[in-house]
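K.L.:
Fold the following, please.
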Amino acid sequence: MKARPIKGLEPEGTLADNAERIVRVRLDELCGFMPKAADAEEWVALHDMRIAAKRLRYVLEVTGHVFGPYAKTATKHVKDLQDLLGEIHDCDVQIPATSASAERLVEADAAALVALAGDAEDLDPALLKQAPHLRDHTGVAALEAHLRARRRVLFARFLAEWEDLERKGFRARLEYAVGERTA
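P.N.:
Numbers count the residues shown, from 1 in each chain. Coordinates of the predicted model:
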């Protein structure tokens, strides 16, 4: 995901004024992924939302001291959101990799069974006991089931946490905070 450009930055301006512009754009970027990211199948939107959270978090970590006290709280919220989206993304990457591993095991066992069958006109089901990866299939299938279930649990947590941020007025409070200036 390409970051949105920040318009109106003033090299001679104050850190607070320039940081405010950056935070407002990064916050808009982050919030702009909803409601699309609320769809569990929109894994690209979730991944891009994680990147947007990372960008907002980093600018808040570097410049948050020039804003009101809510900036520190917002930084923690954004970090937690980024971490959670990262865990979901890890599942999104690992599930297809696990499926591919399962497919490779099936193909290897199919080839081994063909070799074991030799010149037979049909495959004797009893040969299945000699499949070289017979025990591995269970482990890979269990891992994939775990990853799919974990992703569902994490996604439900993401929706609940986003709803909680909205209920607490996260966006409005951060927009107000970046308009404040510390002494």
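K.L.:
Give me the three-state assignment for F33.
P.N.:
Classification of F33 into helix, strand or coil gives coil, according to DSSP: H, G, I helix; E, B strand; the rest coil.
K.L.:
Contact partners for it?
P.N.:
When contacts are counted by Cβ atoms under 8 Å, 6 or more residues apart in numbering, F33 is found next to A45, L46, D48, M49, A52. Where you see a C-beta, it was placed from the backbone N, CA and C, and this is true even at glycine.
K.L.:
burial count for F158?
P.N.:
Applying other Cβ atoms under 10 Å, we find 20 other residues in the vicinity of F158.
K.L.:
that older thread, just the ones in strands from the contacts of F33, please.
P.N.:
Counting by DSSP state E, no part of the contacts of F33 is found in strands.
K.L.:
out of those residues, which one sits closest to A120?
P.N.:
Ranking those by separation from A120, with Cβ to Cβ as the measure, puts L46 on top at 49.6 Å.
K.L.:
Quick check, the closest one in contact with G86.
P.N.:
No - the pair L46 / G86 is not scored as a contact, 10.0 Å apart, by Cβ atoms under 8 Å.
K.L.:
So for those two, which sits in the more crowded spot?
P.N.:
Neighbour count, other Cβ under 10 Å: between L46 and G86, L46 has more, with 22 against 14.
K.L.:
contacting residues around the more buried one?
P.N.:
F33, A37, L85, I88, H89, D92, F158.
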